[in-house]
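Visitor: Return a 3D structure for these sequence lines:
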Amino acid sequence: MQTIDLKKLGLQNSGNYCDPFTGECYSDLVQETQMTTKIDPVCKMEVETETAKYTSEYEGEKYYFCSAGCQREFDENPAQFLQASAHD
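Guide: Residues are numbered from 1 along each chain as shown. The predicted structure is shown next:
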């Protein structure tokens, strides 16, 4: 799908527009940025890094967790979970 800048065509206040014939939609709004995710080393859930409430650092690396329980388990023995991840 190709995006067209409607302001270049002289349409200054165009807002959102969808072409009824082609189904292509155009917008002058800034697109959302994709969320970055990491895998919780304890339960293997995907965690959004920007909104993660539970994080720990180990050997200069930051790890993200889905819950306080996963973080606590990791903090007790990080090497156990990192060795398990290396074998997956």
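
Visitor: need the contact list for the nearest residue to Cys66 once chain neighbours are set aside.
Guide: Spatial nearest neighbour of Cys66, chain neighbours left out: Met45 (4.5 Å); criterion: CB to CB, 6 or more residues apart in numbering. Any C-beta I mention is one placed from the backbone N, CA and C, and that applies to glycine too. By CB atoms under 8 Å, 6 or more residues apart in numbering, the contact list for Met45 reads Ile39, Cys66, Cys70.

Visitor: ok, for the last one, nearest residue in space, not its chain neighbours?
Guide: Translated: Cys70. Nearest one to Cys70, counting by CB to CB, 6+ apart, is Val42 at 4.0 Å.

Visitor: Wasn't that neighbour part of a helix?
Guide: No - using DSSP: H, G, I helix; E, B strand; the rest coil, the secondary structure at Val42 is coil, not a helix.

Visitor: burial of it, as a residue count?
Guide: 21 (other CB atoms under 10 Å).

Visitor: pretty sure it contacts Tyr64?
Guide: No - with contacts counted by CB atoms under 8 Å, Val42 stays clear of Tyr64, the gap being 10.5 Å.

Visitor: what about the helices in this structure?
Guide: 68-76, 78-87 (DSSP state H).

Visitor: how about the first one: buried residues?
Guide: Think helix 68-76. Residues of helix 68-76 classed as buried by neighbour count (16 or more other CB atoms under 10 Å): Cys70, Gln71, Glu73, Phe74.
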